[in-house]
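Asks: Here you go, sequence then predicted model.
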Amino acid sequence: MIRPAALAAFTRAKLAAFPEAEVVSGEFERTSFDGSFDAVVAFTSFHWIDPAVRYAKAASLLRARGILAVTEVSHVRVEGDDPFWVEVQADYDAVVPGPDNRPPPLLAEVGDLLSEIAATGLFADVEVRRYVWQVTYGAAEYIDLLGTYSPNTARDPDTALELLRRIRARIEARDEARVTYLATMNIARL
């Protein structure tokens, strides 16, 4: 699991060529920021922010005409997709049974934040952009990726290892797994 301090240090190093960039580490809801910003940008993280404050706090940080950009990335299924997603549910059911064990949604079933953002009354010019792409993974590569997902980092280590072992074996038996992703970018102006 990547710790916030390590992630902040990594980001600072990557942004070293941009002296005006400042990396602030802390809980968004509780961190104070000096000044106002041209944009508030969140990639696969906005859902972690307290719903009671996420939009108001973002709006309070923006200059006039500032941009809120929230990108969510989802695994999705498309017509003619790799049956891996359906097959791998047996591994989840065997190791971590529960009602959330189901294949990813179909592309058309994934929503966006347009109505939610518009309902706040804080933003205008709300639009949504969607990008779909596929990645083919070998077993080791996909297991490394799964090891970074928060449900797996939050699980009991023995349970997580058993789940990842089963998924690895499934992919090794078929040589690869093709995964379809959807990035939904929700953009609004203050």
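Replies: That came through fine. Residues are numbered from 1 along each chain as shown.
Asks: Okay, strands next: where are they in the chain?
Replies: For the chain, strands defined by DSSP state E occupy the ranges 37-43, 62-76, 124-137, 177-189.
Asks: Save those strands as JSON lines, and put in mean neighbour count and mean pLDDT too.
Replies: Where C-beta positions appear, they are placed from N, C-alpha and C, glycine not excepted. Below are the strands of the chain laid out as JSON lines (neighbours: other C-beta atoms under 10 Å; pLDDT from 0 to 100):
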{"stretch": "strand 37-43", "mean neighbour count": "15", "mean pLDDT": "93"}
{"stretch": "strand 62-76", "mean neighbour count": "17", "mean pLDDT": "96"}
{"stretch": "strand 124-137", "mean neighbour count": "12", "mean pLDDT": "97"}
{"stretch": "strand 177-189", "mean neighbour count": "18", "mean pLDDT": "97"}
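Asks: Out of the ones you listed, which gets nearest to residue 53?
Replies: With C-beta to C-beta as the criterion, residue 53 lies closest to strand 37-43 of the strands of the chain, at 12.7 Å.
Asks: so which of the strands of the chain gets nearest residue 21?
Replies: For those, proximity to residue 21 was assessed by C-beta to C-beta; strand 37-43 is nearest, at 11.4 Å.
Asks: Which positions within the longest helix along the chain qualify as buried?
Replies: The longest helix of the chain (DSSP state H) is helix 157-174. Residues of helix 157-174 classed as buried: 160, 162, 163, 164, 166, 167, 168, 170, 171 (neighbour count, 16 or more other C-beta atoms under 10 Å).
Asks: which strands and helices sit next to it?
Replies: helix 84-87, helix 89-95, helix 139-146, helix 150-154 (3 or more C-beta pairs under 8 Å, 6 or more residues apart in numbering; DSSP states H and E).
Asks: and those, which one is worst for confidence?
Replies: For the helices and strands packed on helix 157-174, mean pLDDT drops lowest on helix 150-154, to a mean of 87.
Asks: quick one: buried residues of that helix?
Replies: residue 152.
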